[in-house]
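Chemist: sequence? don't have it. structure:
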């Protein structure tokens, strides 16, 4: 598997009621989850709860609908704002672990700068160390470790460099591109066609958001095995042609594929840079899928994802109206 420093330190498991780190009155340990109202943090919170952990979600508005949904699943929801480090102190106090993921400037509707992202991540890391958190799991990006020219990807290099200076045990997760993006309405599925970053015959790795959560839960359950490691994680590799085949079978109607229109390279803005990063492998992913599946057998291939967690978003994308208003 790519990039696994510390892989020789593989000791036994230490789950939600283990002795490493603070425990609650019932012996259950707590993990604080940042971004729990979002896709990735929400998946982590759900996986931890399923494995028996106490989960504390830090949200800006505990009265919001997503926060209330979390609370209904048994997650402890507390108010906190990444812009106000002092507000995080009580949330982190007594916690065994912290899962840290930050908003970034590349997200639609983002209200953060690249400097905000780095500052938020380093603040969380420093606070976790100061308050005695035993294990920090930092979400990063598959492109980390190389300069890409895409600012919201290159921030991850700075974040990773900082968290590795901590005395706290740290695990870095570098997820592949989310499978969920392949069935987003804007991909064109409602019109019987899908476009993405890879060439028709070029493989690119993907992961289900659910599986990021399950990997994070496995990492928290075995700190002796995963502390000090950087894990590039993916569940499948798809060419554009294979993507179209999977979607055709799942949709029950033909789906074609073409690459997003653009010229690889800096001359075509961010899209051109992303196309170039897929072509040179940095965004395509280099995880050893066989080794990953041996270590994390629950990882979903794209077909299994389409039949499970992806069924509803696929159906929604297929219902997206055509430009002329006819159903897709």
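Modeler: That came through, no problem. Keep in mind that this is a model prediction, so the values were computed, not measured.
Chemist: Check the secondary structure at residue 232 for me.
Modeler: strand (DSSP: H, G, I helix; E, B strand; the rest coil).
Chemist: my guess is it meets residue 287, correct?
Modeler: Yes - look at residue 232 against residue 287 with CB atoms under 8 Å: they come within range, at 4.4 Å. No exception for glycine: its C-beta is placed from N, CA and C like everyone else's.
Chemist: okay, those two: which has more neighbours?
Modeler: Neighbour count, other CB atoms under 10 Å: between residue 232 and residue 287, residue 232 has more, with 25 against 22.
Chemist: Quick check: the more buried one vs residue 85, distance?
Modeler: According to CB to CB, to the nearest Å, residue 232 and residue 85 sit 30 Å apart.
Chemist: what comes up buried for the least confident helix or strand in the chain by mean pLDDT?
Modeler: When the helices and strands of the chain are scored by mean pLDDT, DSSP states H and E, helix 89-92 comes last with a mean of 92. By 16 or more other CB atoms under 10 Å, the buried positions in helix 89-92 come out as 91-92.
Chemist: so what does it touch, helix or strand wise?
Modeler: Counting contacts by 3 or more CB pairs under 8 Å, 6 or more residues apart in numbering; DSSP states H and E, helix 89-92 packs against helix 114-130.
Chemist: Which residues does the helix it packs on contact?
Modeler: 34, 82-83, 85, 88-89, 92, 98, 100, 102-105, 112, 136, 138, 151-152, 154-155, 158-159, 162-163, 166-168, 170 (CB atoms under 8 Å, 6 or more residues apart in numbering).
Chemist: Could you rerun that using 6 Å?
Modeler: Here helix 114-130 makes contact (CB atoms under 6 Å, 6 or more residues apart in numbering) with 82, 85, 88, 92, 98, 100, 102, 104-105, 136, 151, 155, 158-159, 162-163, 166, 168.
Chemist: give me the beta-bridge partners of residue 195?
Modeler: residue 258 (DSSP bridges).
Chemist: isn't it right up against residue 262?
Modeler: No - taking contacts as CB atoms under 6 Å, residue 195 lies outside contact range of residue 262: 10.3 Å.
Chemist: one step back: after the least confident helix or strand of the chain, next one along is what?
Modeler: strand 97-100 (DSSP states H and E).
Chemist: can you give me the strands for the stretch 1-150 of the chain?
Modeler: 30-34, 54-59, 76-79, 97-100, 135-139 (DSSP state E, counting those that start in this stretch).
Chemist: just the stretch 201-328 of the chain next, same as before
Modeler: 204-207, 230-233, 236-238, 256-259.
Chemist: how close does the residue most central in space within the chain get to residue 80?
Modeler: Geometric centre of the chain, nearest residue: residue 40, 4.6 Å, by CA atoms, centre = their mean. Taking CB to CB as the measure, residue 40 falls 17 Å from residue 80.
Chemist: cool, residue 98 as well?
Modeler: 12 Å.
Chemist: The two: which is more packed in?
Modeler: For residue 98 versus residue 80, neighbours defined as other CB under 10 Å are more numerous around residue 98 (29 against 23).
Chemist: Which residues are in contact with the more buried one?
Modeler: 32, 128, 133, 136.
Chemist: let's go with 10 Å and repeat that
Modeler: Residues near residue 98 by CB atoms under 10 Å, 6 or more residues apart in numbering: 30-34, 56, 58, 88, 91-92, 124-125, 127-129, 131, 133-138, 168, 220.
Chemist: Any stretches of the stretch 1-150 of the chain with poor pLDDT?
Modeler: 1-15, 17-27 (pLDDT under 70).
Chemist: Stretch 173-182: which residues count as buried?
Modeler: 173-180, 182.
Chemist: Next, format the strands of the stretch 1-150 of the chain as JSON lines and append distance to residue 299.
Modeler: Below are the strands of the stretch 1-150 of the chain laid out as JSON lines (distance: least, CB to CB, whole Å):
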{"stretch": "strand 30-34", "distance to residue 299": "21"}
{"stretch": "strand 54-59", "distance to residue 299": "22"}
{"stretch": "strand 76-79", "distance to residue 299": "29"}
{"stretch": "strand 97-100", "distance to residue 299": "18"}
{"stretch": "strand 135-139", "distance to residue 299": "17"}
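Chemist: So residue 97 versus residue 212, what's the distance?
Modeler: From residue 97 over to residue 212 (counting by CB to CB), the distance is 15 Å.
Chemist: Compare neighbour counts for the two and give me the winner.
Modeler: residue 97 (30 against 25).
Chemist: so the more buried one touches residue 132, yeah?
Modeler: No - between residue 97 and residue 132 there is no contact under CB atoms under 10 Å: 11.5 Å.
Chemist: can you pull the contacts of the nearest residue to residue 66 once chain neighbours are set aside?
Modeler: Nearest residue to residue 66, sequence neighbours excluded (CB to CB, 6 or more residues apart in numbering): residue 37, at 3.9 Å. Residues near residue 37 by CB under 10 Å, 6+ apart: 45, 57-61, 64-67, 69-70, 77.
Chemist: what do you get for residue 237?
Modeler: 176, 198, 202-206, 284-285, 287, 289, 301-302.
Chemist: pLDDT added to those residues, as JSON lines?
Modeler: JSON lines is the format used below for the contacts of residue 237 (pLDDT from 0 to 100):
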{"residue": "176", "pLDDT": "98"}
{"residue": "198", "pLDDT": "97"}
{"residue": "202", "pLDDT": "97"}
{"residue": "203", "pLDDT": "98"}
{"residue": "204", "pLDDT": "98"}
{"residue": "205", "pLDDT": "98"}
{"residue": "206", "pLDDT": "98"}
{"residue": "284", "pLDDT": "97"}
{"residue": "285", "pLDDT": "97"}
{"residue": "287", "pLDDT": "97"}
{"residue": "289", "pLDDT": "98"}
{"residue": "301", "pLDDT": "98"}
{"residue": "302", "pLDDT": "98"}
